[in-house]
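Chemist: pasting the structure only:
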Ligand SMILES: Nc1ncnc2c1ncn2[C@@H]1O[C@H](COP(=O)(O)OP(=O)(O)OP(=O)(O)O)[C@@H](O)[C@H]1O
């Protein structure tokens, strides 16, 4: 069960954006769908503990990662959240292996033996062993996406947050990687939240979709709703 309620504002000198979003679901694969600027990425960032929240909660199977009413606000590293950032945000100066290990290493400390084993297993399971010492810029789009996924899984997460995981890929590869992601999530047995503005991502993956606009949830639909495709295509 994912139970999210978030109120927060972000601003710079010229602009301010208010997010006021709430959703709760038992669906194993959840999509947040909506136009550019709807507040999808901010929602994931706040769930991961990367943004200050004025009021609200983030609960995962009853475990509070954030609950402002109860003064609970776990730091990102304690939330056990696997985060795949939009555009992957791989570190260009680090090798594939160091990118995957990044969340497990403290500054200047070496990787613990069992963490090192986990990193190598992840690298192997994503077919990245041959390029473990290469830098991300020398990898194809699909390979970079796998590095980003392996990095998100390195912390042994309780939930996966995926921000536009297919945006940089061409159509055939998208189709293939959607199927891989669906199988991977099932194998891991953890819930996932995907952010997308591609109806095909939602139709292929999500058990339930929340339609966002203007910083809030406008409506929600289940995967078996016969009006799903039409609703996604009609959304702003
Ligand atoms: N620090 C900030 N100051 C002011 N506005 C911000 C700040 N950060 C984000 N925003 C604005 O908040 C809105 C929501 O941003 P968010 O990244 O969540 O959108 P999104 O739905 O993920 O869009 P996209 O699909 O284009 O990634 C946008 O209009 C963005 O410009």
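Modeler: Thanks, I have it. Values in this document were obtained by computation on a predicted structure and should not be read as measured data.
Chemist: Surely residue 9 is within a strand?
Modeler: Yes: counting by DSSP: H, G, I helix; E, B strand; the rest coil, residue 9 is part of a strand.
Chemist: mind starting the numbering at 30 from now?
Modeler: That works, and once the first residue is 30, the last one we named lands at residue 38.
Chemist: neighbours of it, just the number please.
Modeler: A count of nearby residues for residue 38, using other Cβ atoms under 10 Å, gives 15. Every C-beta, even on glycine, is put in place using the N, C-alpha and C of the backbone.
Chemist: Nearest residue to it in space, ignoring adjacent ones along the chain?
Modeler: Among residues not flanking residue 38 along the chain, residue 47 sits closest, at 5.0 Å (Cβ to Cβ, 6 or more residues apart in numbering).
Chemist: contacting residues around the one you found?
Modeler: Contacts for residue 47 (Cβ atoms under 8 Å, 6 or more residues apart in numbering) come out as 36, 37, 38, 244.
Chemist: Mind checking which of the residues you listed are buried?
Modeler: 36, 37, 244 (16 or more other Cβ atoms under 10 Å).
Chemist: Those into TSV, with extra columns for pLDDT and distance to the ligand?
Modeler: As requested, the buried ones among the contacts of residue 47 are exported to TSV (pLDDT from 0 to 100; distance: Cβ to the nearest ligand atom, whole Å):
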residue	pLDDT	distance to the ligand
36	98	14
37	98	10
244	97	7
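Chemist: Which of those residues sits closest to residue 216?
Modeler: The closest of the buried ones among the contacts of residue 47 to residue 216 turns out to be residue 37 (Cβ to Cβ; 33.6 Å).
Chemist: pretty sure that closest one is touching residue 82, no?
Modeler: Yes: between residue 37 and residue 82 there is a contact under Cβ atoms under 8 Å: 4.8 Å.
Chemist: how many neighbours does residue 212 have?
Modeler: Residue 212: 10 neighbours (other Cβ under 10 Å).
Chemist: what helix or strand does it sit in?
Modeler: Element membership of residue 212 [criterion: DSSP states H and E] is helix 200-217.
Chemist: about what we covered before: joint contacts of residue 37 and residue 82?
Modeler: With Cβ under 8 Å, 6+ apart, residue 37 and residue 82 have common neighbours residue 75.
Chemist: who in the chain is up against the ligand?
Modeler: Residues of the chain lying close to the ligand by Cβ under 6 Å from any ligand atom are 39-41, 44, 46, 63, 65-71, 226.
Chemist: in this structure, which spans are helices?
Modeler: Assigned by DSSP state H, the helices in the chain fall at 69-77, 125-130, 142-154, 170-182, 200-217, 228-234, 257-263.
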